[in-house]
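[1] pasting the sequence and the predicted model now:
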Amino acid sequence: MSKEENISDFKNYKKLHKLTKPRSPLVIEIMTDDFPSEWLTTVITYKAKSGQVTDHHLILQNEIKDRIEWYKRSGYILTET
């Protein structure tokens with residue numbers, strides 16, 4: 001990441017899923033912008049209080065279910081779909 005990103009930088013993305021973890025400052029959101037390709041999905045990890053993005057990467061649309069299950073095994077809870 002070249003500049004400090006904030007979750008508000010992704011406000012035009014369509015939110016698909018949101019995961020939180022009890023007693024963790026981090027939130028994970030899975031979203032898409034349908035551009036340049038609708039089969040790619042963005043996974044963003046950010047700090048809940050400040051909105052500062054700590055990580056973001058792309059996954060394939062067909063990997064969403066498996067990725068959510070992996071996060072659940074790590075203690076995250078699916079809070080929005």
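    Good, I have the coordinates.
[2] in the chain, which residue is most central in space?
    Glu29 (2.5 Å; Cα atoms, centre = their mean).
[3] does that residue touch Lys14 like I think?
    No. Contact status for Glu29 versus Lys14: not in contact, 10.7 Å apart, counting by Cβ atoms under 8 Å. C-beta: built from backbone N, CA, C; applies to glycine.
[4] how many other residues sit next to Thr42?
    The tally of other residues near Thr42 (other Cβ atoms under 10 Å) stands at 16.
[5] quick one, helices of this structure?
    Secondary structure of the chain (DSSP state H): helices located at 64-73.
[6] shaky segments in this protein?
    Within the chain, the set of residues satisfying pLDDT under 70 comprises 1-2, 35-37.
[7] so Leu78 touches Leu19, yeah?
    Yes. Using Cβ under 8 Å, Leu78 is in contact with Leu19, at 5.6 Å.
[8] need the overlap of contacts for those two.
    A shared contact of Leu78 and Leu19, defined by Cβ atoms under 8 Å, 6 or more residues apart in numbering, is any residue touching both; here these are 68, 72.
[9] His17: how many residues sit nearby?
    19.
[10] likewise the one 3 residues further on?
    Here the neighbour count serves as a burial measure; for Thr20 (other Cβ under 10 Å) it reads 18.
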